[in-house]
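Chemist: only the shape, not the letters, is given here:
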């Protein structure tokens, strides 16, 4: 599995929203500036994540986007799924029935795929937040939240 810019930007945006006091709304422009992301593209991703129920949009002068649920209730798998990231073990591979090793390889990759999917849905936004904070502290870095 390779995390594309689409998935990476989505995770960065939601991590940014998780840092807001009381999870208050934040403008796309503010998130884009802090995370060094292109605002128009970020807006499209946030719309997709709103449709998936991960964020809410708030209108008005103090509006923007905010998390729809607590960070512990949003998984990495949900974020990636919301923006169309897919995790395929072997794209439409059909093993050769005459080759035992082909079946073994096919079976192994399918089992690994299932474990990967379970892992992605078990890692929460809260877990990612604490992992990044711990890494930054271990590196002696200020805990700005550009990932």
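Modeler: Arrived safely. Source: prediction; values computed, not measured.
Chemist: show me where pLDDT drops low in this structure?
Modeler: The chain contains residues with pLDDT under 70 at 1-2, 88-101, 135-137, 141-147.
Chemist: for it, just list every one of the helices.
Modeler: With DSSP state H applied, the chain shows helices at 5-18, 28-35, 39-51, 76-82, 100-122, 125-138, listed in chain order.
Chemist: make CSV out of those helices and add mean neighbour count.
Modeler: Bear in mind the C-beta positions are built from the backbone N, C-alpha and C, glycine included. What follows is the helices of the chain, written out as CSV (neighbours: other CB atoms under 10 Å):
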stretch, mean neighbour count
helix 5-18, 21
helix 28-35, 17
helix 39-51, 16
helix 76-82, 21
helix 100-122, 13
helix 125-138, 14
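Chemist: out of those helices, which is closest to residue 65?
Modeler: With CB to CB, the closest approach to residue 65 among these belongs to helix 39-51: 5.2 Å.
Chemist: export the helices of the chain to JSON lines and tack on distance to residue 57?
Modeler: Shown next, in JSON lines, are the helices of the chain (distance: least, CB to CB, whole Å):
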{"stretch": "helix 5-18", "distance to residue 57": "12"}
{"stretch": "helix 28-35", "distance to residue 57": "10"}
{"stretch": "helix 39-51", "distance to residue 57": "6"}
{"stretch": "helix 76-82", "distance to residue 57": "14"}
{"stretch": "helix 100-122", "distance to residue 57": "25"}
{"stretch": "helix 125-138", "distance to residue 57": "18"}
